[in-house]
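Undergrad: whatever this is, show me its structure:
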Amino acid sequence: MADSVLQNLTASRIFDLRGVVAVVTGGATGIGLMISTTLMANGATVYTIGPVQQELDDAAKLWNEGAAKEPNRGRMYGLAGDIRSKSEAKRLAQEIEKKEKHITVLFNNAGIMRGTTDRPKPGATAADFLAAYFDPITEDDFDNSLRTNTFGHYWMTFAFLPLLEKWKSPDNPLSNKFPPQVIMTTSNTGWLKDIACAINSFPYHFSKAALGQATASLAHELLPLGIRVNGIAPGPVQTAMNSPGTVNELGIPTGPPASSWDAFMIPLGVSSAPNRDIGTVVLMLVANWYISGETVLVDGGTLLKHPSSY
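TA: Numbering: from 1, shown residues only. Reported below is the predicted structural model:
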């Protein structure tokens with residue numbers, strides 16, 4: 001009997017995602033790609049959502065060709081759409097329902113960074129602060145950041161609830177192993193007071209702080225449905241968005257981070273394997289049914305160095 005228990009506790013059993021269906025917004029680039037490839041590497045079917053169908057198709061073709069070399073790998077499919085829109089969220093759910101009778105997990109991962117600026121130098125006057133933080137920032141910087149990084153995740157969560165609920169069908173043998181879940185990609189900047197950690201972008205900082213609170217609030221609200229909501233809060237992780245020129249054609253970081261990253265004071269240093277560091281947390285949250293309403297920091301200890309909001 002002990003041998004069977006040990007067998008069930010092996011990583012290959014716990015994280016065998018064959019039969020799992022995941023939807024990942026922004027899933028073809030950056031952190032979303034780290035999520036998508038980790039899921040399909042372990043057998044899941046992954047639908048990536050982004051604004052440009054051709055880019056999604058190109059990514060799916062590339063990764064599916066690699067997955068085809070191993071029999072237990074999953075597959076990736078792209079679906080273009082604008083998650084900022086309430087009607088688009090509903091349409092995306094309907095499109096996926098034509099292909100799948102249910103989904104296991106929705107990763108609300110898509111995000112943008114707008115309104116970055118230079119911080120005023122020591123001794124700056126109020127006029128200098130106005131010139132740095134008011135004049136160059138547009139209303140659209142805030143509107144687009146909040147709609148993409150926060151409001152869109154609200155629309156997507158509720159639009160996909162019926163598909164998540166259908167995963168709990170008694171006819172589904174995996175429903176107990178992998179209970180349905182929504183996972184938000186927030187950011188450690190949502191807890192930090194130092195705007196430098198958000199590359200001096202107040203629109204990004206505000207939107208991620210709101211999403212961190214939304215994660216816990218939605219987890220509480222969806223308790224009666226048995227659908228969990230959790231978050232992943234990366235710290236400085238190299239992607240094409242924040243470190244242009246440091247990723248290869250696969251979207252994997254290869255070059256050194258920008259010198260400005262030194263200002264983040266990352267105790268453990270910049271992740272040398274961000275795909276794995278994000279991916280291991282992804283697998284843990286998908287496989288663990290006893291966590292809800294929590295956000296997992298993956299930031300190299302950055303929050304230990306910078307003043308936080310808590």
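
Undergrad: next up, the contacts around residue 76.
TA: Contacts for residue 76 (Cβ atoms under 8 Å, 6 or more residues apart in numbering) come out as 27, 36, 40, 46-48, 59-60, 63-64, 67. C-beta coordinates here come from the backbone N, C-alpha and C atoms, glycine included.

Undergrad: could you rerun that using 6 Å?
TA: By Cβ atoms under 6 Å, 6 or more residues apart in numbering, the contact set of residue 76 is 40, 46, 60, 63-64.

Undergrad: between these, which is closest to residue 32?
TA: Using Cβ to Cβ, residue 46 comes nearest to residue 32 of those, at 10.1 Å.

Undergrad: verify the contact between the closest one and residue 36 for me.
TA: Yes. Between residue 46 and residue 36 there is a contact under Cβ atoms under 6 Å: 4.9 Å.

Undergrad: higher neighbour count, the two?
TA: residue 36 (32 against 27; other Cβ atoms under 10 Å).

Undergrad: for the chain, what's the longest helix?
TA: Longest among the helix segments of the chain by residue count, using DSSP state H, is helix 202-221.

Undergrad: tell me what it is packed against?
TA: With contacts taken as 3 or more Cβ pairs under 6 Å, 6 or more residues apart in numbering; DSSP states H and E, helix 202-221 sits against helix 139-146, strand 228-234.

Undergrad: and it, average pLDDT?
TA: Regarding helix 202-221, the rounded mean pLDDT is 97.

Undergrad: got the contact list for the closest residue to residue 113 other than its chain neighbours?
TA: With sequence-adjacent residues excluded and distances taken as Cβ to Cβ, 6 or more residues apart in numbering, residue 113 is closest to residue 204, at 4.6 Å. Going by Cβ under 6 Å, 6+ apart, residue 204 touches 113, 145, 198.

Undergrad: how about the strands in the stretch 51-200 of the chain?
TA: Applying DSSP state E, counting those that start in this stretch to the stretch 51-200 of the chain gives strands spanning 75-80, 105-108, 181-185.

Undergrad: CSV for these, including mean pLDDT and distance to residue 17?
TA: Supplementary listing: the strands of the stretch 51-200 of the chain in CSV, determined by pLDDT from 0 to 100; distance: least, Cβ to Cβ, whole Å:
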stretch, mean pLDDT, distance to residue 17
strand 75-80, 98, 12
strand 105-108, 98, 10
strand 181-185, 98, 13
